[in-house]
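Trainee: here are the coordinates; sequence isn't available:
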């Protein structure tokens, strides 16, 4: 009898596993490629979206906006693209890689100068603190790679606006993503870094913000989202985009420090 009961228990467990697997596989997968600076907020948004839409499973892929565009151009299976630059989204739409009517601008951000918390650098209250980057005491400055990461493009624009790009060009350490800039600064591998304010807020114990770039010093940091032209799951893609643009989605972005 014990053997029979044990056998039934094993069979029952196998049936439950099989049923659970079937349920899991029946969920429609939605693949989203997004700028690295959206990682935390999109993870929260995806969780909230799945709670409201149990038929969908959101799979997130993060990287520099420029690299994500190249992946889609190369045929990567993506349903939604979210960039940290309107110019990048313009490029995606112009190349016919995204559905123009699905495009939404969903959030904004600020550009800030950070240093390691233990940094001995002093920033005067007069003038613009960002110009201190030209000081001889600062040897290494991390920024995103302007060729692939929007945060790097914004940083270059800002440095040119303040007239110091040419003077500090040899100090610049180019990083693939904004999170790499943040990590280098937090680990004191560089003297300073230029990131988004939302990323700086993730490491309050290891980095501190010493200046915020004026809005007129660089292009507006606007995040855009759109459905990829070759999306396999158009219904889910449209639903997720509308969720991000909804009041509920807006609150999630605000709670993570976005404008």
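Mentor: Great, that's in hand. Note that this is a predicted model, so its numbers are computed, not measured.
Trainee: so where is the stretch 1-150 of the chain shaky, pLDDT-wise?
Mentor: 1-26, 123-127 (pLDDT under 70).
Trainee: try it again with 50
Mentor: Counting by pLDDT under 50, the low-confidence segments of the stretch 1-150 of the chain come to 1-12, 14-24.
Trainee: And the helices in it, which stretches?
Mentor: Taking DSSP state H, counting those that start in this stretch as the test, the helices found in the stretch 1-150 of the chain are 2-26, 39-52, 65-73, 86-94, 150-161.
Trainee: can you list the residues that contact the last one?
Mentor: Helix 150-161 is contacted from outside by 35, 37, 64-66, 83-85, 87-88, 111, 130, 133, 143-146, 165, 168, 174-175, 177-178, 181, 194-196, 213, 216-219, 221, using C-beta atoms under 8 Å, 6 or more residues apart in numbering. The way it works is simple: take the backbone N, C-alpha and C, and place the C-beta from them, glycine included.
Trainee: how many other residues sit next to the closest residue to residue 104 other than its chain neighbours?
Mentor: Spatially, and ignoring its direct neighbours in sequence, residue 104 is nearest to residue 245 (4.7 Å; C-beta to C-beta, 6 or more residues apart in numbering). By the criterion of other C-beta atoms under 10 Å, residue 245 has 15 neighbours.
Trainee: Next, the nearest residue to residue 35 once chain neighbours are set aside: phi, psi?
Mentor: Spatial nearest neighbour of residue 35, excluding adjacent residues (C-beta to C-beta, 6+ apart): residue 84 at 3.8 Å. Residue 84 adopts backbone torsions of phi -100, psi 20, taken as degrees, to the nearest 10.
Trainee: residue contacts, residue 84?
Mentor: Going by C-beta under 8 Å, 6+ apart, residue 84 touches 35, 37, 38, 65, 109, 150, 151, 196, 221, 223.
Trainee: do you know how far residue 142 is from residue 185?
Mentor: 6 Å (C-beta to C-beta, to the nearest Å).
Trainee: out of those two, which sits in the more crowded spot?
Mentor: Shown here are residue 142 and residue 185; by other C-beta under 10 Å, residue 185 has more neighbours (30 against 26).
Trainee: mind checking the SS state of the spatially closest residue to the more buried one that is not a sequence neighbour?
Mentor: Take residue 185 and drop its neighbours on the chain: the residue closest to it by C-beta to C-beta, 6+ apart is residue 193, 3.7 Å away. Residue 193 falls in the strand class when you classify it by DSSP: H, G, I helix; E, B strand; the rest coil.
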